[in-house]
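Visitor: generate coordinates for the sequence data below:
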Amino acid sequence: MKIAITSEGRDLQSTVDPRFGRAKGFIIYDEASGKSSYIDNVQNLNAPQGAGIQSAKNIVDAGAEVLITGNVGPKAFNVLNQASVKIMIGASGSVSRVLEDFKAGKLQEAGDANVEGHW
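Guide: Presented below is the predicted three-dimensional model:
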């Protein structure tokens, strides 16, 4: 399973970015191989609109089945939900820590967006 985590940096020791659409980037962790890669999200950092939708498409295109983030807006939630990506919200701390928390069942699954658009 591939897990996407919003990140302020490029590795597992980086801090989770609390934003989704305007996150600095995404760590894609492959549970099968134990390897991770980084997707830069610079094109959406200052986008006037559509950042959440485009970021969600990038996560879906990366093949992620789970997204771990702090917050997710309504448009991104809808795109991810339609693609059957499980969304875990309220994450904070290091990327490696939230991966451990996810595996231990300690993260909250989102039933809906938890922030307004343009957060």
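Visitor: now the longest helix anywhere in the chain: average pLDDT?
Guide: What stands out as the longest helix in the chain, according to DSSP state H, is helix 51-61. Helix 51-61 carries an average pLDDT of 95.
Visitor: which secondary structure elements does that helix contact?
Guide: strand 25-30, helix 42-45, helix 74-82 (3 or more CB pairs under 8 Å, 6 or more residues apart in numbering; DSSP states H and E). Heads up, the C-betas are built off the backbone N, CA and C, glycines and all.
Visitor: need the CA coordinates for it. CSV is fine.
Guide: Output of helix 51-61 as CSV, limited to C-alpha atoms (Å, rounded to 0.1, in the frame of the first residue of the first chain):
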residue,chain,number,x,y,z
ALA,A,51,-4.7,24.0,-5.2
GLY,A,52,-6.6,21.3,-3.3
ILE,A,53,-8.1,19.8,-6.4
GLN,A,54,-4.7,19.7,-8.2
SER,A,55,-2.9,18.3,-5.1
ALA,A,56,-5.6,15.6,-4.8
LYS,A,57,-5.1,14.6,-8.4
ASN,A,58,-1.3,14.4,-7.8
ILE,A,59,-1.9,12.0,-4.8
VAL,A,60,-4.3,9.9,-6.9
ASP,A,61,-1.8,9.8,-9.8
